[in-house]
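1. just need the structure, nothing else, for what follows:
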Amino acid sequence: MSNDFTFTITSTGFDEHYQPADNTRITTNFANLARGAHRRQNLRNALTMINNRFNALAQWDNPNGDRYSVELDIISVDINIAGTGHSFPTIEVLKTTIVDSLTRQRIAGIVGNNFSSYVRDYDFSVLLQRHNKQRAAFSIPDNFGELHGKLFQRFVNSEAYQQHFHKLPVICLSVSDNKIYRRTENQHPVLGVEYLQSESSLTEQYFKKMGLQNRYFMPPDSVAPLAFYFFGDLLNDFNNLELISTIATMETFQRIYRPEIYNANAVAGKLYKPNLKNQDHSITQIVYDRAERSRLAIEQGRFAEEHFIKPHQAILQQWSLR
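-> Predicted coordinates for the structure are as follows:
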């Protein structure tokens with residue numbers, strides 16, 4: 001059954017003119033910015049923040065701090081189930097391209113960065129909540145994340161992925177606000193100082209089923225570590241400009257969406273516990289409705305259940321347990 005699933009990849013430029021497609025998850029970071037009366041200013045400000053952060057980190061041979069800019073493309077992935085004539089929007093990630101104004105080169109960055117998935121919405125906002133509704137103590141359903149993990153690995157190993165991208169993905173997320181992180185002596189010139197997590201989080205376990213390892217680094221002049229999820233060797237499989245493109249992009253999103261952590265006025269110490277109730281932080285000039293995002297995650301999880309999980313339940317269960 002090697003051809004039971006195939007994938008279709010489309011690419012959409014993310015700039016100040018971007019408007020979300022009908023099948024884009026509207027809880028996705030970049031889609032949130034492109035809504036409402038301030039959408040164009042939101043997008044312009046976010047892109048400026050990304051470029052400024054990139055140049056601050058790529059400071060060699062860059063005396064004016066304006067040598068580089070980052071172009072972003074939204075990579076949308078539809079899954080096609082053989083014999084059904086049905087496709088479903090499964091994953092959206094971002095691809096970075098670095099533009100060097102000095103050499104006039106366009107340099108491939110990293111694919112991944114942000115990670116958006118309807119099936120993950122279903123797992124966390126529908127299945128997990130339903131499982132724990134009548135339970136006194138929190139627990140995780142059997143085989144939680146198995147289907148999503150195998151779908152993701154199938155995509156990364158697919159002919160479609162290999163035709164479009166020359167390196168494996170790197171996902172960059174916020175740290176968990178219910179874990180403690182300890183600073184180590186390990187330091188990378190771009191990724192910064194490494195932190196270790198006190199115990200495994202549910203997100204970490206979920207991404208492990210996707211085949212991804214994780215490490216936590218606080219880049220230079222950042223105030224909190226970022227969580228990096230990757231295949232292989234993060235520090236040696238990617239060059240400095242590639243890593244900077246991910247840091248600049250995802251730290252910008254986190255400063256907008258998690259200002260209590262990533263725009264805090266105090267830098268993470270040797271022992272660090274992220275706090276989403278931290279009042280000592282700055283707000284970016286970008287409009288964002290976090291409460292609406294949480295509500296929409298539930299709606300989109302139900303959409304995945306209705307249009308993907310239930311209609312194909314038999315084949316998906318059979319395949320995910322193999």
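2. now Ala297, nearest residue through space, not along the chain?
-> Leaving out its chain neighbours, the residue that sits closest to Ala297 by Cβ to Cβ, 6 or more residues apart in numbering is Ser125, at 4.6 Å. For the C-beta atoms, the positions are set from N, CA and C on the backbone; glycine is no exception.
3. that neighbour: how many residues sit nearby?
-> If you count neighbours by other Cβ atoms under 10 Å, Ser125 ends up with 22.
4. over to Leu43. Which of the three states is it?
-> helix (DSSP: H, G, I helix; E, B strand; the rest coil).
5. that one reaches Asp15, doesn't it?
-> Yes. Under the criterion of Cβ atoms under 8 Å, Leu43 makes contact with Asp15 at 6.9 Å.
6. who has more neighbours, these two?
-> Between Leu43 and Asp15, Leu43 has the larger neighbour count (other Cβ under 10 Å), namely 20 against 13.
7. what pLDDT is listed against the more buried one?
-> We have a pLDDT of 85 for Leu43.
8. quick check: closest non-adjacent residue to it.
-> With Cβ to Cβ, 6+ apart, the residue lying closest to Leu43 is Glu16, at 4.4 Å.
9. mind listing what the one you found touches?
-> Glu16 makes contact with Arg40, Leu43, Arg44, Leu47, according to Cβ atoms under 8 Å, 6 or more residues apart in numbering.
10. among the residues you listed, which ones are buried?
-> Among the contacts of Glu16, the ones that count as buried by 16 or more other Cβ atoms under 10 Å are Leu43, Arg44, Leu47.
11. quick check, pLDDT for the nearest residue to Leu202 once chain neighbours are set aside.
-> Counting by Cβ to Cβ, 6+ apart, the nearest residue to Leu202 once its immediate chain neighbours are dropped is Ile140, at 7.1 Å. Note for Ile140: predicted pLDDT of 91.
12. okay, now Ile140: neighbour count?
-> Residues contacting Ile140 under the criterion other Cβ under 10 Å number 15.
13. go on, Ala227?
-> Neighbourhood size, Ala227 [other Cβ under 10 Å]: 23.
14. how much space between it and Ala297?
-> According to Cβ to Cβ, to the nearest Å, Ala227 stands 19 Å off from Ala297.
15. with Asn55 instead?
-> 34 Å.
16. same question, Phe253
-> Per Cβ to Cβ, Phe253 is found 16 Å from Ala297.
17. higher neighbour count, the two?
-> It is Phe253, of Phe253 and Ala297, that has more neighbours when counted by other Cβ under 10 Å, with 25 against 19.
18. got phi/psi on the residue positioned nearest the centre of the chain?
-> Geometric centre of the chain, nearest residue: Asn114, 2.4 Å, by Cα atoms, centre = their mean. The phi and psi values for Asn114, taken as degrees, to the nearest 10, are phi -70, psi 150.
19. tell me where this protein has helices.
-> 29-33, 39-57, 118-121, 128-132, 146-156, 159-164, 202-208, 234-237, 240-257, 259-262, 290-304, 313-320 (DSSP state H).
20. make JSON lines out of those helices and add distance to Thr96.
-> Output for the helices of the chain, formatted as JSON lines (distance: least, Cβ to Cβ, whole Å):
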{"stretch": "helix 29-33", "distance to Thr96": "12"}
{"stretch": "helix 39-57", "distance to Thr96": "9"}
{"stretch": "helix 118-121", "distance to Thr96": "22"}
{"stretch": "helix 128-132", "distance to Thr96": "31"}
{"stretch": "helix 146-156", "distance to Thr96": "18"}
{"stretch": "helix 159-164", "distance to Thr96": "14"}
{"stretch": "helix 202-208", "distance to Thr96": "20"}
{"stretch": "helix 234-237", "distance to Thr96": "15"}
{"stretch": "helix 240-257", "distance to Thr96": "4"}
{"stretch": "helix 259-262", "distance to Thr96": "19"}
{"stretch": "helix 290-304", "distance to Thr96": "23"}
{"stretch": "helix 313-320", "distance to Thr96": "31"}
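21. nearest to Ile75, out of those?
-> Of all the helices of the chain, it is helix 159-164 that lies closest to Ile75, at 7.7 Å by Cβ to Cβ.
22. any idea of the mean pLDDT in that closest one?
-> The predicted model assigns helix 159-164 a mean pLDDT of 95.
23. pull out the buried positions in it.
-> Neighbour counts over helix 159-164 (16+ other Cβ under 10 Å) mark Tyr161 as buried.
24. now swap in stretch 136-153 and tell me
-> By 16+ other Cβ under 10 Å, the buried positions in stretch 136-153 come out as Phe144, Gly145, Leu147, His148, Gly149, Lys150, Leu151, Phe152.
25. what residues are up against the first one?
-> What it means is Phe144. Residues in contact with Phe144 (Cβ under 8 Å, 6+ apart) are Asp123, Leu127, Leu128, Tyr206.
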